[in-house]
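K.L.:
model this:
(4 chains)
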Protein chains: 2
Amino acid sequence: MNPRRPRSDGERTRAAILQSAMRLSTVDGLEGLTIGNLAKSLGMSKGGLYAHFGSKEELQLATVEAAGAVFVAEVIEPALRADPGVPQLLAFCDAYVDHLERLTFPGGCFFAGAALEMGTHRGPVQEKVAEFHSGFVALVREFVRTAVALGQLPDDEDPAGLALELHGTLLAVDTSFVMYGDSSVLDLGRTVVRRRLGVKAT
Amino acid sequence: MNPRRPRSDGERTRAAILQSAMRLSTVDGLEGLTIGNLAKSLGMSKGGLYAHFGSKEELQLATVEAAGAVFVAEVIEPALRADPGVPQLLAFCDAYVDHLERLTFPGGCFFAGAALEMGTHRGPVQEKVAEFHSGFVALVREFVRTAVALGQLPDDEDPAGLALELHGTLLAVDTSFVMYGDSSVLDLGRTVVRRRLGVKAT
DNA sequence: CCTACCGATCGGTAGG
DNA sequence: CCTACCGATCGGTAGG
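P.N.:
Modelled structure (predicted):
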């Protein structure tokens, strides 16, 4: 009711569980996440976890939801705050690379991993991952459409095609960064995005 | 000794095990692959599997090696058979998309999944995945360098940057194809690659 | 939020 | 290549 009221113990514990679950998921996967490991990382018992989540699937669904909120806060919102068109596309890509660079999660982008892992595991968890994933891609396509309408990109630019290229470049950056821990690929990604969007390097 | 001699029973069984292990790995991951599941899928006992592989890690290493051989045969070799430069880049990307389309593995590209999964799991398996992964990326960079040297691409084209873009586009195609099973993204990928390389659609 | 427990499955071994 | 087994851990439950 009152937004200034501090979170209850239950809410704080739940948030701590989900924070740990997101981090562990990017390392071991949403299926590789186990109740036992999660409990140990939090210093609590398995029984305690089941007081918050009735099943592993419920925990997975809540974890995907929490990761979606993090992605919105760290990547989507900075993009929406930029000027319409190319600046939004650039802000989105930069925010994505920044969010990798600051090691928000130890295993890189939550949704890059979750999409590949859950792609062939049909069910409620996969559906929720797909929902977020397709929402993010649709937003990038919208940014491209706006940029074309504003004359910032050529008239014949295909929104779906450019969205695939940018999405792909970010996936390749994530993969290389997670695989080699080499942060030089972050700057390479920033440069490639600028060149593709016709924006001068800063 | 004699290459015409038929494979022994042991060799044929080993090949069948690895074929099943590659397929299961693209669905459940290299860590999610279990000896019990693999044995069941082959109609044999767990003990039987341990006659061929002394440990799960040995099995994982052999599976990565086998997947590398499949990738070389299905994607690298068609590229090497094309004319140097842009035709090799195009052949590489087309062969990659074809290899997704024909459902070589049920979970899409073996190395796309393995790179993200094993990125944070340091050890011999991750090292072998990284070895193949960086080899493939290095080859694409070589193709770009050749294309620039032959005047097929602009002099200021950055090999590492273009390799990242093409690699990324293929990763995005793989992810969308696995996630939504929608084959239209395969043609979108082929189109995007042609536009980026300045090749007319066929 | 805890302890104590359930049947099932994990990776792996012994012995054949 | 098999059966039979090992201790550890899995997801989940009972009862508090």
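K.L.:
so residue A:54, which of the three states?
P.N.:
coil (DSSP: H, G, I helix; E, B strand; the rest coil).
K.L.:
check contacts around the closest residue to DNA strand D within chain A.
P.N.:
Proximity of chain A to DNA strand D (Cβ to the nearest atom of the strand) peaks at residue A:36, 2.4 Å away. Bear in mind the C-beta positions are built from the backbone N, C-alpha and C, glycine included. Listed by Cβ atoms under 8 Å, 6 or more residues apart in numbering or on different chains, the contact partners of residue A:36 are residue A:46.
K.L.:
check which helix or strand it maps to.
P.N.:
Using DSSP states H and E, residue A:36 sits within helix A:35-42.
K.L.:
whichever helix or strand comes after that helix - contacts with which helices or strands?
P.N.:
Once the chain leaves helix A:35-42, the next helix or strand it forms, by DSSP H and E, is helix A:46-50. Helices and strands touching helix A:46-50, by 3 or more Cβ pairs under 8 Å, 6 or more residues apart in numbering or on different chains; DSSP states H and E, are helix A:35-42.
K.L.:
now do the buried residues in the helix it packs on.
P.N.:
If you call a residue buried by 16 or more other Cβ atoms under 10 Å in any protein chain shown, then helix A:35-42 has these buried ones: A:35, A:38, A:39, A:42.
K.L.:
now swap in stretch A:81-92 and tell me
P.N.:
Buried, per 16+ other Cβ under 10 Å, within stretch A:81-92: A:82, A:85, A:86, A:87, A:88, A:89, A:90, A:91, A:92.
K.L.:
tell me which two of these sit farthest apart.
P.N.:
Spatial extent of the buried residues of stretch A:81-92 (Cβ to Cβ) is set by the pair A:85 and A:92 at 11.6 Å.
K.L.:
quick one: residue A:125 and residue A:48, what's the gap?
P.N.:
Distance of residue A:125 to residue A:48, given as Cβ to Cβ, to the nearest Å: 22 Å.
K.L.:
please say which of those two ends up with more neighbours.
P.N.:
More crowded of residue A:125 and residue A:48, by other Cβ atoms under 10 Å in any protein chain shown: residue A:125, with 22 against 13.
K.L.:
residues contacting stretch A:92-100, please?
P.N.:
Contact with stretch A:92-100 is made by A:71, A:74-76, A:78-79, A:108-109, A:139-140, A:143, A:166, A:169-170, A:173-174, A:177, A:186, A:189-190, A:193, as judged by Cβ under 8 Å, 6+ apart.
K.L.:
can you flag the buried ones in the residues you listed?
P.N.:
A:71, A:75-76, A:78-79, A:108-109, A:139-140, A:143, A:166, A:169-170, A:173-174, A:177, A:186, A:189-190, A:193.
K.L.:
need the contact list for the closest residue to residue A:39 other than its chain neighbours.
P.N.:
Setting aside the residues directly before and after it, residue A:39 is nearest to residue A:46 in space (Cβ to Cβ, 6 or more residues apart in numbering or on different chains), at 4.9 Å. By Cβ under 8 Å, 6+ apart, the contact set of residue A:46 is A:35, A:36, A:39.
K.L.:
out of those, who's nearest DNA strand C?
P.N.:
Set against DNA strand C, the nearest of those by Cβ to the nearest atom of the strand is residue A:39 (7.0 Å).
K.L.:
the longest helix seen in chain A vs DNA strand D: in contact?
P.N.:
In chain A, with assignment by DSSP state H, the single longest helix is helix A:124-149. No. Helix A:124-149 lies out of reach of DNA strand D by Cβ under 7 Å from any atom of the strand, never closer than 12.0 Å.
K.L.:
got any ranges where chain A has weak pLDDT?
P.N.:
Scanning chain A with the threshold set as pLDDT under 70 gives A:1-7, A:202.
K.L.:
measure the most centrally placed residue in it to residue A:22 for me?
P.N.:
Centroid-nearest residue in chain A: residue A:71, 4.2 Å away (criterion: Cα atoms, centre = their mean). From residue A:71 over to residue A:22 the distance is 10 Å, taken as Cβ to Cβ.
K.L.:
identify the contacts common to the two.
P.N.:
residue A:110.
K.L.:
residues from chain A in reach of DNA strand C?
P.N.:
Neighbours of DNA strand C within chain A, by Cβ under 7 Å from any atom of the strand: A:9, A:10, A:13, A:44, A:45, A:46, A:47, A:48, A:50, A:51, A:52.
K.L.:
distance from the longest helix of chain A to the middle of the chain?
P.N.:
Computed by Cα atoms, centre = their mean, to the nearest Å, the chain-centroid distance of helix A:124-149 equals 12 Å.
K.L.:
swap in stretch A:190-199?
P.N.:
Worked out by Cα atoms, centre = their mean, stretch A:190-199 lies 21 Å from the chain centre.
K.L.:
likewise stretch A:176-186?
P.N.:
Distance of stretch A:176-186 from its chain centroid, counting by Cα atoms, centre = their mean, is 17 Å.
K.L.:
can you check stretch A:188-202 too?
P.N.:
Centroid displacement of stretch A:188-202 relative to its chain, using Cα atoms, centre = their mean, is 21 Å.
K.L.:
so is it next to chain B?
P.N.:
Yes. If you take Cβ under 8 Å from any Cβ of the partner chain as the test, stretch A:188-202 does meet chain B, through A:188, A:189, A:191, A:192, A:195, A:196.
K.L.:
extract the C-alpha trace of the helix or strand where residue A:169 lies and format it as CSV.
P.N.:
Using DSSP H and E, residue A:169 sits in helix A:159-180. Below are the C-alpha coordinates for helix A:159-180, written out as CSV (Å, rounded to 0.1, in the frame of the first residue of the first chain):
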residue,chain,number,x,y,z
PRO,A,159,14.1,-3.3,-40.1
ALA,A,160,14.1,-7.0,-39.6
GLY,A,161,17.4,-7.4,-41.3
LEU,A,162,19.2,-4.6,-39.4
ALA,A,163,17.7,-5.8,-36.2
LEU,A,164,19.1,-9.2,-36.9
GLU,A,165,22.5,-7.7,-37.6
LEU,A,166,22.6,-5.6,-34.5
HIS,A,167,21.2,-8.4,-32.3
GLY,A,168,23.7,-10.8,-33.8
THR,A,169,26.7,-8.5,-33.2
LEU,A,170,25.7,-8.2,-29.6
LEU,A,171,25.3,-12.0,-29.3
ALA,A,172,28.8,-12.4,-30.8
VAL,A,173,30.2,-9.9,-28.3
ASP,A,174,28.5,-11.7,-25.4
THR,A,175,29.8,-15.1,-26.6
SER,A,176,33.4,-13.9,-27.0
PHE,A,177,33.4,-12.0,-23.8
VAL,A,178,32.1,-15.0,-21.8
MET,A,179,34.4,-17.4,-23.6
TYR,A,180,37.7,-15.5,-23.4
